[in-house]
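Novice: Test case, fold it:
(2 chains)
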Amino acid sequence: MAFNPLFLTNLLPRIEWTALRDAAAELGLATLPETKPEITLHRQQSRRQQQQPPSSESEMEETDETTPPLLPMDTTSSNTILDPKDEQVLRDLHRLLLETQVVEGKMVCGNCGFEYRIKEGIANFLLPSHLV
Amino acid sequence: MTPYQPQQKQKQQEGDEKGDEKEEEEEEEEEEEEEDKGKTHHQHQPQPDRQPQKQQQQQESEAAEYEHANVHSIYNSIAPDFSRTRHKPWPLVSSFLAAQSPGSVGLDVGCGNGKYLTANPDVFLLGSDMSEALLRLAQKKTTTITSSSSSSAAAGSGIASVASPASASSLASSLASSSASDLIQSSALSLPHPPHRFDFAICIAVLHHLSTSERRVDGVREILSCVRGEVLLFVWALEQAGSRRGWDVGCAQDVMVPWVLKRERSERVREEREGRGKGKEKGKEKGKEKGKEKSEGKEEEKVYRRFYHLYAKGELEDDVVAAGGEVVRAGWEADNWWVVARNRKMLNLDS
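Specialist: The predicted model follows:
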């Protein structure tokens, strides 16, 4: 899948950062920043923006509080400007979230210690019948 | 909370199941499906309304076992054959997915062979299914392993981990996902997700495989509990007088639907896949082989029967309400009832 800054920027508010960071560290993968970065895509000056000048902050105010802000569909990254540092974070995220898979392993429940196996890339969350 | 109780008209319907699998209109595959002379089976009686808790638990586990034998294991047996007839997305599902904002994260509960996981490349879909065989087919569809060295790279040892950082990074470089999706094996009745974490969900042709009305409501409730936005549900309709089966109001709602698996056919498919087919024009070949099958008429075939609950008009909506949801919009399309639902809790938060 191609690198898509808009997709990743919108995905960011949905990520539980500590969990992702810990999992990545356990896997020996990626160096994610300690706290969730705040990345906004800045649009290049366009005719549309001259007519509607609001900054990205005011756009965010308009969105529903219960849902993370979503940028309108703008497809390609060609009309967005991305800070090089932000771009690196997004590229790391792309690699981690879309190009990395645990092929064999297990996930251990933090409450009961039950181990959920990951076999050939698919985690099995089915409980044995005596635990249902 | 009163779960929906379907009419318990247990009329026997000889010859009701004329065809086999046809809840999806897949014209080009029609000739693959054979007439089955099976009768409607009612091995499993839906549960009465009230019962002591212990008895209820026992019946729950009986229902689960029943579904394991009459749904999940069947799908494992017929997966490749079934999957070949499941490639055309339903228009309503595609447009529902297309309407989701880029970067949103959704569930595909009962994803089967994963035909919707790639429908909108701008959303992340987490597909789940009971059938490992179908999940493997979905995996093939959504993951491209670009290097053969990856398969042996990771021997799991630690917690959620691959063997070593080195193998982990080689793994990362050798897996290229063709879609933003992931797959897990889980039951729709027990999804391993935090409440309202997902933006939306689809659950297509799944709930009708649950064998009691309580479990069907529980299924809706479970999906709604994971989502803060809209949920699209599709189930097979009782009202399908125009279909090959001709079921309609008054027919039994709990039915066994046959899937005919022919050995010769699956061998032929394998040959075609491996490029040992006769390489003729597809249309011609199909016609010819259809004739051939009829004249020989003695291939090894096995009939697999899956349990279905056919939803009567209004039943899915009632289930949504019973599960704490609100119906946003609903309708009937191509022998299926569909509902777009939201969790009432989330609606209150919004307002």
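Novice: just checking, what packs against the helix or strand hosting residue B:326?
Specialist: Using DSSP states H and E, residue B:326 falls within strand B:325-333. Judged by 3 or more CB pairs under 8 Å, 6 or more residues apart in numbering or on different chains; DSSP states H and E, the packing partners of strand B:325-333 are helix B:213-226, helix B:315-322, strand B:336-343, helix B:344-350. (Glycine included, C-beta is placed from N, CA and C.)
Novice: comparing the ones you listed, which gets the lowest mean pLDDT score?
Specialist: Note on the helices and strands packed on strand B:325-333: helix B:344-350 shows the lowest mean pLDDT, a mean of 73.
Novice: that older thread, how about the helices and strands packed on strand B:325-333, which one is nearest chain A?
Specialist: Of all the helices and strands packed on strand B:325-333, helix B:344-350 sits nearest to chain A, with 5.1 Å by CB to the nearest CB.
Novice: pLDDT below threshold where in chain A?
Specialist: A:30, A:43-80, A:131-132 (pLDDT under 70).
Novice: So which residues of it form helices?
Specialist: Along chain A, the stretches classed as helices by DSSP state H are A:5-11, A:17-26, A:47-51, A:56-62, A:84-98.
Novice: any idea which of the ones you listed is most buried?
Specialist: Highest mean neighbour count among the helices of chain A (mean count of other CB atoms under 10 Å in any protein chain shown): helix A:5-11, with a mean of 24.
Novice: for it, packing partners?
Specialist: Looks like helix A:5-11 contacts helix A:84-98 (3+ CB pairs under 8 Å, 6+ apart).
Novice: nearest spatial neighbour of the residue of chain A found nearest chain B, skipping sequence neighbours?
Specialist: Per CB to the nearest CB, residue A:10 is where chain A lies closest to chain B, at 2.3 Å. In this structure, residue A:10 finds its nearest non-sequential neighbour in residue B:103, 2.3 Å apart by CB to CB, 6 or more residues apart in numbering or on different chains.
Novice: Make sure I have this right: that neighbour is in a strand.
Specialist: No. Assigned with DSSP: H, G, I helix; E, B strand; the rest coil, residue B:103 falls outside any strand and is coil.
Novice: That one: what's it in contact with?
Specialist: For residue B:103, the contacting residues are A:6-12, A:14, A:70-71, B:122-124, by CB atoms under 8 Å, 6 or more residues apart in numbering or on different chains.
Novice: Counting neighbours, what do you get for the residue nearest to residue B:327 when sequence neighbours are not counted?
Specialist: Nearest residue to residue B:327, sequence neighbours excluded (CB to CB, 6+ apart): residue B:317, at 5.0 Å. Residues lying near residue B:317 (other CB atoms under 10 Å in any protein chain shown) number 19.
Novice: before we move on, back to that, tell me the pLDDT of the residue nearest to residue A:10.
Specialist: We have a pLDDT of 94 for residue B:103.
Novice: cool, and the one 5 residues further on?
Specialist: Residue B:108 is assigned a predicted lDDT (pLDDT) of 98.
Novice: Tell me the bridge partners for the nearest residue to it once chain neighbours are set aside.
Specialist: Spatial nearest neighbour of residue B:108, chain neighbours left out: residue B:127 (4.3 Å); criterion: CB to CB, 6+ apart. For residue B:127, the beta-bridge partners are residue B:108, residue B:183 (DSSP bridges).
Novice: so what's residue B:127 up against?
Specialist: Counting by CB under 8 Å, 6+ apart, residue B:127 has contacts B:107-108, B:111, B:114, B:116-117, B:135, B:138, B:181-184.
Novice: right, and residue B:319 touches residue B:215 too?
Specialist: No. Counting by CB atoms under 8 Å, residue B:319 does not reach residue B:215; the two are 10.4 Å apart.
Novice: neighbour count winner among the two?
Specialist: Comparing residue B:319 with residue B:215 by other CB under 10 Å, the one with more neighbours is residue B:319, at 25 against 21.
Novice: Using the record's domain definitions, break chain A down for me.
Specialist: Using automatic domain parsing, the domains assigned to chain A come out as A:5-100, A:102-132.
Novice: for chain B, same thing?
Specialist: Using automatic domain parsing, chain B is parsed into the domains B:64-242+B:308-350, B:262-303.
Novice: Where among those domains is average confidence lowest?
Specialist: domain B:262-303 (a mean of 50).
Novice: first to last residue in it, what's the distance?
Specialist: Taking CA to CA, to the nearest Å, the first and last residues of domain B:262-303 lie 9 Å apart.
Novice: same check, this time on stretch B:308-328
Specialist: Using CA to CA, the two ends of stretch B:308-328 sit 25 Å apart.
Novice: ok, the nearest residue to residue B:205 once chain neighbours are set aside - contacts?
Specialist: Distance criterion CB to CB, 6+ apart; nearest residue to residue B:205, sequence neighbours excluded, is residue B:234 at 5.7 Å. Residue B:234 makes contact with B:90, B:92-93, B:202-205, B:336-338, according to CB under 8 Å, 6+ apart.
Novice: Do stretch B:206-225 and chain A come into contact?
Specialist: No. Using CB under 8 Å from any CB of the partner chain, stretch B:206-225 stays clear of chain A, coming no nearer than 12.5 Å.
Novice: in whichever strand or helix holds residue B:202, what's buried?
Specialist: Remark: residue B:202 resides in strand B:200-204, with elements defined by DSSP H and E. Residues B:200-204 are the ones in strand B:200-204 that count as buried (16 or more other CB atoms under 10 Å in any protein chain shown).
Novice: Any chance of CSV for these, columns distance to chain A?
Specialist: Below are those laid out as CSV (distance: CB to the nearest CB, whole Å):
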residue, distance to chain A
B:200, 11
B:201, 14
B:202, 18
B:203, 16
B:204, 20
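Novice: roughly how far apart are the residue of chain B found nearest chain A and residue A:8?
Specialist: In chain B, the residue that lies nearest chain A is residue B:103 (2.3 Å; CB to the nearest CB). For residue B:103, the distance to residue A:8 (CB to CB, to the nearest Å) stands at 7 Å.
Novice: ok, now residue A:128?
Specialist: For residue A:128, the distance to residue A:8 equals 38 Å [CB to CB].
Novice: next one: residue B:195
Specialist: To residue A:8, residue B:195 is 25 Å away according to CB to CB.
Novice: burial count for residue B:142?
Specialist: For residue B:142, using other CB under 10 Å, the count is 21.
Novice: swap that for residue B:73, sorry
Specialist: Using other CB under 10 Å, residue B:73 has 16 neighbouring residues.
Novice: Give me the secondary structure label for it.
Specialist: Under three-state DSSP, residue B:73 falls in the helix class.
Novice: Next: residue B:138.
Specialist: Residue B:138 - assigned by three-state DSSP - is helix.
Novice: can you tell me how far it sits from residue B:132?
Specialist: 10 Å.
Novice: Compare these two (neighbour count), which wins?
Specialist: Taking other CB under 10 Å, residue B:138 and residue B:132 do not tie; residue B:138 has more neighbours (26 against 19).
Novice: Tell me if I'm right that that one and residue B:110 touch.
Specialist: No. Judged on CB under 8 Å, residue B:138 makes no contact with residue B:110 at a distance of 11.0 Å.
Novice: overlap in contacts of those two?
Specialist: residue B:129.
Novice: where along chain B do the helices fall?
Specialist: Using DSSP H, helices in chain B cover B:53-67, B:73-84, B:91-98, B:132-142, B:165-174, B:213-226, B:263-273, B:282-296, B:315-322, B:344-350.
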